[in-house]
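> pasting a predicted model and its sequence here:
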Amino acid sequence: EVQLVESGGGLVQPGRSLKLSCAASGFTFSNYYMAWVRQAPTKGLEWVASITNSGGSTYYRDSVKGRFTISRDNAKSTLYLQMDSLRSEDTATYYCTRDDVAALFAYWGQGTLVTVSS
Amino acid sequence: DIQMTQSPSVLSASVGDRVTLNCKASQNINKYLNWYQQKLGEAPKLLIYNTNNLQTGIPSRFSGSGSGTDYTLTISSLQPEDVATYFCFQHNSWPLTFGSGTKLEIK
C-alpha cells in the first residue's frame, strides 16, 4: 500500500525557515516523480514544486522560486521541501504527492500545516 | 499561466440525480486534465486522469469528457458519499494549475 507521511510543519515567524519531510513507503520511491501541493485555509489547491525520480530536474511556481527547494533522498525514500524567507501567504497545509505511470498527483499524504505568523 | 475556471461554484442536487461539473481552461490543454475529490478534512483523491481515465478503485458512476478548453465531470447517479469539493487540474504546461473547485451538496 502506498503511504506518504508528511512532517515538519508548525508555527514560524515571517522571514524564517522550515523544512518539510515526506516519508514514503509501499513502493519503489526512486521510480516516481514527486511533488508538493499546498492549500491555504479554506482555499483551493496550489501546485508548489515537482522533482523527477532521479532528482536531476526540479520545477517551481514563480511565487516560491528562489525561496523553496525541493529535494529527495532515494536511499531514505524521503522527499523534502526546504522553505526559506517564509511569508504570511505561505500559510497552508502542504501535501506530498506521488505521480503514477500515467497520472500526476495520483497519491497524497495527509498533509502538514505550516503557519507563518509573528 | 493557464487559468482553470470551474462552474458552478456550488451545486445542490438530489440523491440519484445525474450531475455535471464543468471546467474551462484559458487555452487548449490537450486533454491533460485531471479531476480530484476532496471531502471535508481529508486530502484530495484522484478520480479521473487525462480527461476520461477512471483511477483504480473509483466507482464507475464517475466519468470525464472533453477536449480543447472545455471539460466535464459527470456523476451518473449521485450518492450521499459524493458530498465533497471537486477540483479540476491541468498538467499541459508549467505552472501546473488547479481550478477553484465546485462544492457539491445534497438537497
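Structure's in. What do you need?
> what does chain A put close to chain B?
With C-beta under 8 Å from any C-beta of the partner chain as the criterion, chain A meets chain B at residues A:37, A:44-47, A:50, A:59, A:61-62, A:95, A:100, A:102-111. From N, CA and C alone the C-beta is placed, and that goes for glycine too.
> run the last query once more with 6 Å
Selection of chain A residues close to chain B by C-beta under 6 Å from any C-beta of the partner chain yields A:44, A:45, A:47, A:59, A:61, A:95, A:103, A:104, A:106, A:108, A:110, A:111.
> could you find the closest non-adjacent residue to residue A:62?
Distances taken as C-beta to C-beta, 6 or more residues apart in numbering or on different chains place residue B:95 nearest to residue A:62, at 6.9 Å, with adjacent residues excluded.
> so the one you found sits in a helix?
No - going by DSSP: H, G, I helix; E, B strand; the rest coil, the assignment for residue B:95 is coil, not a helix.
> and it, how many neighbours?
Neighbour count of residue B:95, defined by other C-beta atoms under 10 Å in any protein chain shown: 18.
> that one against residue A:63, yeah?
No - counting by C-beta atoms under 6 Å, residue B:95 stays clear of residue A:63, with 9.3 Å between them.
> that's a strand at residue B:81, yeah?
No - using three-state DSSP, the secondary structure at residue B:81 is helix, not a strand.
> and it, how far from residue A:41?
25 Å (C-beta to C-beta, to the nearest Å).
> give me the beta-bridge partners of the residue in chain B that chain A sits nearest to?
Nearest residue of chain B to chain A, counting by C-beta to the nearest C-beta: residue B:49, 3.6 Å away. On the basis of DSSP bridges, residue B:49 is bridged to residue B:53.
> so it sits against residue A:101, correct?
No - using C-beta under 6 Å, residue B:49 and residue A:101 do not qualify as a contacting pair, with a distance of 10.2 Å.
> those two: who's more crowded?
Taking neighbours as other C-beta under 10 Å, residue B:49 and residue A:101 compare with residue B:49 leading, 23 against 7.
> nearest residue to the middle of chain A?
The residue lying closest to the centre of chain A (C-alpha atoms, centre = their mean) is residue A:36, at 3.1 Å.
> partner strands of the host helix or strand of residue B:34, parallel or antiparallel?
For residue B:34, the element it lies in under DSSP states H and E is strand B:33-38. Here strand B:33-38 is paired, per DSSP bridges, with strand B:45-49 (antiparallel), strand B:84-90 (antiparallel).
> now do the shortest one: everything it contacts.
For strand B:45-49, the surrounding residues in contact (C-beta atoms under 6 Å, 6 or more residues apart in numbering or on different chains) are A:103, A:106, B:34, B:35, B:36, B:37, B:55, B:58, B:62, B:64.
> for the last one, same thing?
With C-beta under 6 Å, 6+ apart as the contact definition, strand B:84-90 has outside contacts at A:45, B:2, B:4, B:6, B:21, B:23, B:25, B:29, B:32-39, B:97-99, B:101-103.
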